[in-house]
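A.B. asks: Sequence first, predicted coordinates after that:
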Amino acid sequence: MPTVTSNDIYDSVHGIFQSMLGTEPKLHSAERTDQPLKNPGVVAIVGYAGEHEGTVIFSCGKPLAASLAELMLMEEDLDPDGEEVDDAMGEIANMVAGQLKNLVCKTGNEVQLSIPVIIHDGDYRLQVPDGYERWRLTAFHVDGEPFFVELVTAGLSVEPCA
Amino acid sequence: MAFNVLIVDDSSTMRKIVLRNLKQTGLDVGEVYQAGDGQEALAVLGDNTVHLILSDWNMPNMDGLGLVQAVRSNPDNAHIRIIMITTEGGETKVDEAIAAGANGYVKKPFTADDLEKELRPVIA
């Protein structure tokens, strides 16, 4: 079974923020959890399938989603409900999933990514089937707003790091 | 001589980021065209002179690999350089793209320096 560490996932997220957004998030916590996360505002989901299956979920509040999109696009005053913010959130989730895929593929495994799906608002619940685990990495953007990276996976061992 | 570029990605955000980084490389960029998938890209190629394609891999309708194969199937396009810009960074995928006729590969996330490092030898 391929193994990645929570630090691997954080390093991937950190690298994406550093190179594509020009900013460095601070890690708050990384833990295995059975508790579903209440939708903080905007949720971007990318699935992966193949020799391993799972879902990568990137979520944050609407103001931070708009802020991240503005950093990525170097534009100002984007509509938090607009297409640019959705597209940017999808790209971040896609890159996180891509980095995870590259970690998994290092062990010679092949997986394919889905296109991103974006959810706004709403009281949704992401049910995790038996045999799958949910890992949640909580980090803070430099202005103190939290974002969340969740990994729902089977057949992939995630080892927590201090 | 300035070289004309076609940026292919289904994400408008990523097309803007690629364009911004391309401008930051300091390379002599001429006209820049954009397309949302491989099929749109082929239509752009039919109407314009393009020297370099920067293409994503995962796209609807026709993906990046399909685009590379379609471009390389036409001898008139032999002069066009193709660089893949994608999260699909596994060695198998890189080999597959190069075998199909891509000239290089940039993994997301990337910086202008990453892009320049890959582009400069390809367009020389």
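C.D. replies: The structure has been received and is ready for your questions.
A.B. asks: Quick check: residue A:78 touching residue A:85?
C.D. replies: Yes - counting by Cβ atoms under 8 Å, residue A:85 is a contact partner of residue A:78 at 5.6 Å. Using the backbone N, CA and C atoms, a C-beta is placed for each residue, glycine as well.
A.B. asks: More neighbours: the two, which one.
C.D. replies: residue A:85 (25 against 19; other Cβ atoms under 10 Å in any protein chain shown).
A.B. asks: Show me where the chain has its strands.
C.D. replies: You didn't pick a chain, so chain A it is. Secondary structure of chain A by DSSP state E: the strands cover A:3-5, A:26-32, A:42-50, A:53-60, A:111-113, A:117-120, A:133-140, A:146-154, A:157-159.
A.B. asks: not what I meant, chain B
C.D. replies: According to DSSP E, chain B carries its strands in the segments B:3-8, B:29-35, B:52-55, B:81-86, B:104-107.
A.B. asks: Of the ones you listed, which stretch is the most buried?
C.D. replies: Mean neighbour count, computed with mean count of other Cβ atoms under 10 Å in any protein chain shown, is highest for strand B:52-55 among those, reaching a mean of 26.
A.B. asks: shared neighbours, residue A:78 and residue A:85?
C.D. replies: Shared contacts of residue A:78 and residue A:85 (Cβ atoms under 8 Å, 6 or more residues apart in numbering or on different chains): A:66, A:69.
A.B. asks: which non-adjacent residue is nearest whichever residue of chain A sits closest to chain B?
C.D. replies: Nearest residue of chain A to chain B, counting by Cβ to the nearest Cβ: residue A:98, 2.4 Å away. Spatially, and ignoring its direct neighbours in sequence, residue A:98 is nearest to residue B:87 (2.4 Å; Cβ to Cβ, 6 or more residues apart in numbering or on different chains).
A.B. asks: Pull the number of nearby residues for that neighbour.
C.D. replies: Residue B:87: 25 surrounding residues under other Cβ under 10 Å.
A.B. asks: residues touching it, list them.
C.D. replies: A:94-95, A:97-99, A:101-102, A:113, B:57-58, B:107-108.
A.B. asks: Least confident of those residues?
C.D. replies: Across the contacts of residue B:87, the smallest pLDDT goes to residue A:102, namely 80.
A.B. asks: and it, how many residues sit next to it?
C.D. replies: Using other Cβ under 10 Å, residue A:102 is surrounded by 18 other residues.
A.B. asks: Can you tell me how far it is from residue A:111?
C.D. replies: 10 Å (Cβ to Cβ, to the nearest Å).
A.B. asks: ditto for residue A:12
C.D. replies: Taking Cβ to Cβ, one finds residue A:12 at 15 Å from residue A:111.
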